[in-house]
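Undergrad: Sequence plus predicted model, see below.
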Amino acid sequence: MGLKPPAPAALGVLLALALLALAHLPPLPDWSPRLPPTSLPVAPQQKVATLLSGGQARSQRPSMPPVRLQRDQPPVQGRRRWRQGAVGNAPPWLSDDDLQKMWLLASGQVVSKTHVPAHGQVLRVGLRGVGDAEVGVSPASPEEDCQDGRCGLIKRPGDLYEVLAFHLDRVLGLNRSLPAVARRFTSHLLPYSYTDGSLRPIIWWAPDLQHLEDTNNDQNSCALGWLQYQEMLQSHRPTPVTGNAPCSSIPRGEWSRLALFDFLLQVHDRLDRYCCGFQPDPSEPCVEERLHEKCRNPAELVLVHILVRRSVPSHLVFIDNAGRPQHPEEKLNFRLLQGIDSFPGAAVATLQSGRLQSLLLESLRMDRDLWESQGGAEGWRPLLQTIDRRARILLRYIQERNLTVFRDSPC
């Protein structure tokens, strides 16, 4: 006997009961992929501050987790993404290359260390970027790291002035100093004195600096005496020493940049390591090492830290820029300017603008640890005012002697 089909009313009742039963079933497990919370986007400005302060950015706003590279993301892509985000917020005088090196110095993991002969507390360290560590790149030898441009020099806490010098160099458009940041280190590879919480400068290690083979004069790319240097400046020829390859391509404008930079910072070690341009205190190294006595015989005076890179032999490289922030104005060393009859136009224009202090403050904010170590803008002002006064003295020096400025060539 065949069954009769249910009436329409009965079908409606059955359908309602089925829907009611489904509504009370427990939820199915969620098998969809979930992104970890660390993949949340971070505002470019916050990311710059985080990276340049070694991952310790301080802010009154609730902190967001930092961006971390995914396992399948090449580290180069991650760095490029960071640089593109940072450039829009960084001052225009800091190049993309500057920011990349500053990021490496500020946040790179220390993977090796080497003592630098005859340089006391200076350590050369190999660095790995965050992306390199996460994709499992194994550390190479220290020499290979440095040849790849992934090394830095950690200096003494008293050398933090070198980081200010780097920013001054970029603000003035000289672009001859090596990138530098301030950082606190925690690596177990370093001696305790480096990990005790003190802030130290770390300067990028240029792998192609040209050094003389003479072990007694290896901090120069060429041997140049004071009398030779003055003769070269007066002769208006680009070659200071005939047949000396490393210095034969250094144009006169490079010495003008160096003189201006050293005068503002009062760095004596390059052009006047004997302190012949002022009366030094008895505690000065040039007195203790009896170098000052040689001022009576100019033929014995030599220039030190005159360096170029093999990749750009026409440009001087400014190293060891920890000048003298407290050097009194009555003892300013004008010997550093001797023989210089013209100065770079862009740098002079910046000094004349009256904005030197504000530009330096804008640049120094990029280095969060250094910025906060001095108490922010108010803490930095006395030091920047000293440099600004030296700038006005230099401008008066240029005006009184009717010296000229020259147009800067592309760097």
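TA: In hand now; what should we look at?
Undergrad: Can you pull out the low-pLDDT segments for the stretch 151-300 of the chain?
TA: Where the stretch 151-300 of the chain drops to pLDDT under 70, the residues are 215-218, 235-246, 248.
Undergrad: which residues of it fall in strands?
TA: Per DSSP state E, counting those that start in this stretch, the stretch 151-300 of the chain carries strands over the ranges 151-154, 180-183, 200-204.
Undergrad: What helix or strand is Leu361 located in?
TA: For Leu361, the host element (DSSP states H and E) is helix 356-364.
Undergrad: sorry, back to before: which among the strands of the stretch 151-300 of the chain is found nearest to Leu337?
TA: strand 180-183 (25.0 Å; CB to CB). For the C-beta atoms, the positions are set from N, CA and C on the backbone; glycine is no exception.
Undergrad: Parallel or antiparallel, which strands does that closest one pair with?
TA: strand 200-204 (antiparallel) (DSSP bridges).
Undergrad: which residues are in contact with the strand it pairs with?
TA: 101, 104-105, 125, 149, 151-157, 159-160, 162-163, 166, 178-185, 194, 319 (CB atoms under 8 Å, 6 or more residues apart in numbering).
Undergrad: Quick check: phi and psi at His327.
TA: phi -60, psi 130 (degrees, to the nearest 10).
Undergrad: tell me the contacts of it?
TA: So His327 contacts 266, 333 (CB under 8 Å, 6+ apart).
Undergrad: any idea how far it lies from Phe263?
TA: Separation of His327 from Phe263 (CB to CB, to the nearest Å) stands at 11 Å.
Undergrad: picking that back up, distance to Val171 added to the strands of the stretch 151-300 of the chain, as JSON lines?
TA: JSON lines is the format used below for these (distance: least, CB to CB, whole Å):
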{"stretch": "strand 151-154", "distance to Val171": "22"}
{"stretch": "strand 180-183", "distance to Val171": "14"}
{"stretch": "strand 200-204", "distance to Val171": "18"}
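Undergrad: any chance you could map the helices in the stretch 301-411 of the chain?
TA: Applying DSSP state H, counting those that start in this stretch to the stretch 301-411 of the chain gives helices spanning 345-352, 356-364, 368-373, 376-400.
Undergrad: Now render the ones you listed as TSV, adding distance to Ile250.
TA: Below are the helices of the stretch 301-411 of the chain laid out as TSV (distance: least, CB to CB, whole Å):
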stretch	distance to Ile250
helix 345-352	18
helix 356-364	27
helix 368-373	31
helix 376-400	22
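Undergrad: Of those helices, which is nearest Asn297?
TA: Nearest of the helices of the stretch 301-411 of the chain to Asn297, taken as CB to CB: helix 376-400 at 27.2 Å.
Undergrad: Just the buried residues of stretch 382-399, please?
TA: The neighbour-count check on stretch 382-399 (16 or more other CB atoms under 10 Å) flags 383-384, 386-388, 390-391, 394, 397-398 as buried.
Undergrad: give me the number of residues near Asp159?
TA: 20 (other CB atoms under 10 Å).
Undergrad: wait, Ala206
TA: 20.
Undergrad: quick one: contacts for it?
TA: 149, 178, 309, 317.
Undergrad: Which ChimeraX command selects the buried ones in those?
TA: In ChimeraX syntax, the buried subset of these is picked out as below (16+ other CB under 10 Å):
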select :178,309,317
